[in-house]
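Q: Whatever this is, show me its structure:
(chains A and B)
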Amino acid sequence: MTSTSQVTVDEVLARYDPVIGLETHVELGTLSKMFCGCPTEFGAEPNTQTCPVCLGLPGALPVVNVKSIESTIRIGLALNCTIASWCRFARKNYFYPDMPKDFQISQYDEPLCTDGYLDVLVDGEPFRVEIERVHLEEDTGKSLHVGGATGRIHGADHSLVDYNRAGIPLVEIVTKPIAGTGGRAPAVARAYVTELRELLRGLDVSDVRMEQGSMRCDVNTSLAPKGAAEWGTRTETKNVNSLRSVERAVRSEMIRQSQVLDEGGRIVQETRHFHEDTSSTTSGRSKEEATDYRYFPEPDLVPVAPDPAWVEQLRAALPDSPSIQRVRRQAELGLSDDEMAWLVNSGALQLFADTVAAGASAADARKWWLGDLARRANAEDIELAELAITPAQVAGLARLVAEGRVNDRLARQVLDGVLAGEGDPEQVVVARGLAVVSDTSALDAAVDAAIADNPDVVAKIQNGKVAAVGVLLGSVMKATRGQADAAAVKAMIAQRLGVNL
Amino acid sequence: MASGEASAVEVAQAHLDRIASDDGTLHAFLRVDADGALASARAIDARRVAGEPLGPLAGVPLALKDVVVTKGLETTSGSKILAGWIPPYDATITTRIKNAGIVILGKTNMDEFAMGSSTENSGFGPSHNPWDLDRVPGGSSGGSSAAVAGSLAPLGIGTDTGGSIRQPAAVTGLVGHKPTYGGVSRYGLIAFSSSLDQAGPFGRTVLDTALLHEAIGGHDRADSTSIPAPVPPVVAAARAGAGGDLTGLRVGVVRELGGLGFADGYEPGVLSRVSETVELMAGLGAEIVEVSCPHFGYALAAYYLIAPSEASSNLARFDAVRYGLRVGDDGVRGLDEVMALTRQAGFGPEVKRRIMIGTYALSSGYYEAYYGQAQKVRTLISRDFAAAFEAADVLVSPSTPTVAFRLGARTDDPLAMYAADLCTLPASLAGTPAISVPCGLSEGLPVGLQIMAPALADDRCYRVAAAVESTLDARRGHPLLQEVPLR
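A: A predicted model of the protein is given here:
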């Protein structure tokens, strides 16, 4: 844990240069698993999507899902990588109960894609992140530790394993070490992951949902004294599952490492766990006594040798890059450069576009996402994507306002209801009784009562003190619990009193 | 059976009776599936009565090595760690055996996880050689060889990683063939060494063996290393070879396998039977040449790095989590401890030895020197074969340097045990086909001749083996197996 006296990133940079690196795991959205025909849907009952192959039963053998190779090659091409003309899978051997064979089929020294890059914008400036490799491997199952205080294996009464995820194709995208960022290191990390997610979404190879774990990041961070020739010892922070966390993980590791170094300490090469709640990391297992994975070529699979003509077909059919798509989208959505940059950086461009696609005007989408929703996310210190509202619900809210069924003030109450999980906007309106009162007989009665109950206010208005109408308005609003249209009430009062308001 | 002389049920029952009377002595079977065998025999009889077309082996009983997964029938691979495991699926060859109408009598004994040459490494006690009950029936497929040689079953299935079909066939007087790697599906074979394992047939004659090969062979999409090609014409070759004409065939005698200067460890009786048979082949019209395969001498060392390396990874899954044995799970001990206790109790000493050798050979810093180097030797052995097959159509050698050894004779000396595979290892490492065919007796015990062919030319093995078999049987006046001592 970090000590109590916090230093700032600026203070860190006065003495140290950071080097970062990112390893991103992406679950491919193939219909079946990587080595068998089992389905890949998220959220099924435990162990219902398994077979002898993905359970690693004695005798069962893997057969490669060609679609997973195709998706990996497309990712490699979109990241400007070289595609291997011949490569092999390898076994990564280690014992873990959520891994059915006690080895993972992965790639080692012969990855499918190597040496690419991804250009990102950081504070409006272009920055090139170099890609070391893109390779394909199988995902593991999930362990559930029951009965302990921490949810970890230590102290648990017993453990359950769900193998539904075991064997889902997983692509690992590894950057080269990213140096020379200075204070922009946290922002570069975030911008890279954001851009990578857009790119993968555009390729339609994964649903890239960080909160469901279909996209997961490990962040490597090291510090070296300013001007030093050699880089420092790195740590690998795991469990970084949102864009904001990527940024914070880098920042908190920079600060923690600088404090250790300032005190004359030594950085231990280790895995660290990121905690969303405190934005800090804690020590995991040390890599200095690391497992020897005893990699060797997977003898149950034949080498992969993609036909160059096929690779060229895939290259020709790639969609536009995210940056080109953004130029087109910005024009379609009528966004200013600043608004566009803000949406991209907050990872909300897709939410915005989906809101427009769901029927809202660009102006309404802007009003909600850049206005109320941005304020609420900010107040709660979460990402826009983490708000409990879908683009379709935002569009529904905009529609209620446009149709005059709620006013702005009521719309915010509807929003409260949606965010509180009370359902779609329409359901919240009904459940909370929030529709604007347009029943004239009820309004008539309320206006009449307000006039009858306030003879002195009426006299003031009729004597020209028109501002006093606010009292009558307030009385009507109170009687209708705020559900009347203020302009309409004002007009009714004016008509009854025979004055111009 | 086809002529109606005997029903499949009668044949199955006769063999079950034979097992009941003799298997107490031989211990060929780990479990006998009498109900299953009789049920499939009844089904075959019903189909025959209904006039359905049936394959040549329909109704013929078979002894299945316990390394082959059988749905609903306990499968242990000879290991205590899998005792009680009932597989939920059939191996591809199990399915093919059933589809051919072959009647599975039960699962046969073997060295644990197919690691051994005598069945003495079985977790459930050794099998005995019907020729001499004090001797081993070979291994690892020794339960199947004992069953077929002891007339408990007419057909058997073995698997051969370094010689585990050919060596037991040789020492029990049977025909046994290791197909080209990828010629028979590995889906559902409990893996020992994935790049070497191959299932294959045992028979009392070359033709029986070829018929069984044809039934189990051919491409399987569930095995990535399966060859997408039809089964070589092994049955036709066995029939053609029985005519005894080898005119024009070039037979290469491998100097490094028992030849001049390389005879250390080979029994003189074995070498005599083999050289007599080579002379016999010359008499049938074959041209005999001597070939040299200089890297065969490194086969044993390379094999004992590659096979244990792959085994150390393949056997990791026996971890007490999902199936099989679990020891020490008392609610207090942690996962690692339960895993260690289970593997300690469940694996026998030879399996542990190979897991340790393999783990060491693959470990960081040693990989290149051991596993990497062994793979290079493998390439050199393949090149030796390629060069030899320029000069010869088939290569011959003894199948094993000695006749069946006595139970217990080599159990304390792993290296002596490994030497039983000296002649069979090169073809395993090269992935090429090889057959063992009986070529006489030495001191009253069978000697096998190994015939090796290029990849995918399995039919050549059968053709030459059939010529040797028919000529020797004619000279002797009866098949060699008739000389198995009657009990």
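Q: Tell me where the stretch 151-300 of chain A has helices.
A: Along the stretch 151-300 of chain A, counting by DSSP state H, counting those that start in this stretch, helices occupy A:185-203, A:243-262.
Q: Now do the first one against helix A:243-262, angle only.
A: So the one you mean is helix A:185-203. 150 degrees (axes from the mean of the first three to the mean of the last three CA atoms, to 10 degrees).
Q: among the helices of the stretch 151-300 of chain A, which is nearest A:Leu343?
A: A:Leu343 lies closest, by CB to CB, to one member of the helices of the stretch 151-300 of chain A: helix A:185-203, at 10.7 Å. (Glycine included, C-beta is placed from N, CA and C.)
Q: re the thing from before, among the helices of the stretch 151-300 of chain A, which is nearest B:Gly125?
A: helix A:185-203 (57.3 Å).
Q: can you list the residues of chain A near chain B?
A: Within chain A, the residues that sit near chain B (CB under 8 Å from any CB of the partner chain) are A:52, A:55-64, A:91, A:93, A:95, A:97, A:100-103, A:153, A:157-159, A:161, A:292, A:294-296, A:299-302.
Q: Quick one: buried ones out of those residues?
A: For those, a burial check counting by 16 or more other CB atoms under 10 Å in any protein chain shown picks out A:52, A:55-64, A:91, A:93, A:95, A:97, A:100-103, A:159, A:161, A:294-296, A:299-301.
Q: from the middle of its chain, how far away would stretch A:303-319 be?
A: Stretch A:303-319 sits 30 Å away from the centroid of its parent chain (CA atoms, centre = their mean, to the nearest Å).
Q: If you could redo that for stretch B:204-212, that was the one I meant.
A: 14 Å.
Q: And A:Asp456, what's its pLDDT?
A: Reported pLDDT at A:Asp456 in the predicted model: 89.
Q: Now tabulate the helices of the stretch 151-300 of chain A in a markdown table and tack on mean pLDDT.
A: Converted to a markdown table, these look like this (pLDDT from 0 to 100):
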| stretch | mean pLDDT |
| --- | --- |
| helix A:185-203 | 94 |
| helix A:243-262 | 93 |
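Q: Contact partners for the closest residue to chain A within the stretch 351-487 of chain B?
A: Using CB to the nearest CB, the closest approach of the stretch 351-487 of chain B to chain A is made by B:Leu362 at 3.8 Å. By CB atoms under 8 Å, 6 or more residues apart in numbering or on different chains, the residues touching B:Leu362 are A:Asn93, A:Arg294, A:Tyr295, A:Phe296, B:Ser309, B:Ser312, B:Ser313, B:Tyr370, B:Tyr371.
Q: Among those, which one sits closest to A:Gly334?
A: A:Tyr295 (52.5 Å).
Q: Now do the closest residue to A:Ala305 other than its chain neighbours against chain B, distance only.
A: Leaving aside its chain neighbours, A:Ala305 sits nearest to A:Trp86 (4.7 Å; criterion: CB to CB, 6 or more residues apart in numbering or on different chains). A:Trp86 sits at a distance of 16 Å from chain B (criterion: CB to the nearest CB, to the nearest Å).
Q: ok, now A:Ser346?
A: On the measure of CB to the nearest CB, A:Ser346 and chain B end up 42 Å apart.
Q: so that residue touches A:Glu383, yeah?
A: Yes. Contact criterion CB atoms under 8 Å: A:Ser346 and A:Glu383 qualify, at 6.9 Å.
Q: Comparing the two, which residue is more hemmed in?
A: The neighbour comparison of A:Ser346 against A:Glu383 (other CB atoms under 10 Å in any protein chain shown) goes to A:Ser346, with 21 against 18.
Q: Now do the strands in the stretch 1-150 of chain B.
A: B:29-32, B:61-65, B:103-108 (DSSP state E, counting those that start in this stretch).
Q: Now do the second one and strand B:103-108, the angle between them.
A: It refers to strand B:61-65. 30 degrees.
Q: okay, strand B:61-65 in PDB with CA atoms only?
A: This file holds the C-alpha atoms of strand B:61-65, laid out as PDB (Å, rounded to 0.1, in the frame of the first residue of the first chain):
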ATOM      1  CA  PRO B  61     -15.100 -60.500 -30.500                       C
ATOM      2  CA  LEU B  62     -12.300 -58.100 -29.600                       C
ATOM      3  CA  ALA B  63     -10.100 -57.300 -26.600                       C
ATOM      4  CA  LEU B  64      -9.800 -53.500 -26.200                       C
ATOM      5  CA  LYS B  65      -6.800 -51.900 -24.500                       C
END
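Q: and that strand, which strands flank it?
A: With DSSP bridges as the test, strand B:61-65 is paired with strand B:103-108 (parallel), strand B:155-160 (parallel).
Q: Turn the ones you listed into TSV, columns for distance to A:Gln107 and mean pLDDT.
A: Output for the strands paired with strand B:61-65, formatted as TSV (distance: least, CB to CB, whole Å; pLDDT from 0 to 100):
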stretch	distance to A:Gln107	mean pLDDT
strand B:103-108	37	98
strand B:155-160	29	98
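Q: and among those, the most buried is which?
A: Highest mean neighbour count among the strands paired with strand B:61-65 (mean count of other CB atoms under 10 Å in any protein chain shown): strand B:155-160, with a mean of 31.
Q: Specify the next element, helix or strand, located C-terminal of it.
A: For strand B:155-160, the following helix or strand on the C-terminal side (DSSP states H and E) is helix B:166-172.
Q: And for B:Leu82, the neighbour number?
A: 23.
Q: hang on, the earlier thing: angles on the backbone of the residue nearest to A:Ala305, please.
A: Main-chain dihedrals, A:Trp86, degrees, to the nearest 10: phi -160, psi 130.
Q: residue contacts, it?
A: A:Glu110, A:Pro303, A:Val304, A:Ala305 are the contacts of A:Trp86 under CB under 8 Å, 6+ apart.
Q: I'd assumed A:Ile83 was in contact with the last one.
A: Read that as A:Ala305. No. Using CB under 8 Å, A:Ala305 is not in contact with A:Ile83; the gap is 10.8 Å.
Q: just to revisit the earlier point, next one, pLDDT for the residue nearest to the residue of the stretch 351-487 of chain B closest to chain A when sequence neighbours are not counted please.
A: Spatially, and ignoring its direct neighbours in sequence, B:Leu362 is nearest to A:Arg294 (3.8 Å; CB to CB, 6+ apart). Note for A:Arg294: predicted pLDDT of 96.
Q: Quickly note the distance from A:Arg294 to A:Asp119.
A: 38 Å (CB to CB, to the nearest Å).
Q: higher neighbour count, A:Ala305 and A:Ile83?
A: Neighbour count, other CB under 10 Å: between A:Ala305 and A:Ile83, A:Ile83 has more, with 22 against 11.
Q: what's the burial count for B:Pro485?
A: For B:Pro485, using other CB under 10 Å, the count is 9.
Q: helix/strand/coil for it?
A: Three-state call for B:Pro485 (DSSP: H, G, I helix; E, B strand; the rest coil): coil.
Q: Surely it touches B:Leu133?
A: No. Using CB under 8 Å, B:Pro485 makes no contact with B:Leu133, being 9.0 Å away.
Q: which among the contacts of A:Trp86 end up buried?
A: Among the contacts of A:Trp86, the ones that count as buried by 16+ other CB under 10 Å are A:Glu110, A:Val304.
Q: Once you drop chain neighbours, what's closest to the residue of the stretch 101-250 of chain A found nearest chain B?
A: With CB to the nearest CB as the measure, A:Asp102 is the residue of the stretch 101-250 of chain A nearest to chain B, at 3.5 Å. Residue nearest to A:Asp102 in three dimensions, not counting chain neighbours: B:Ala316, with 3.5 Å by CB to CB, 6+ apart.
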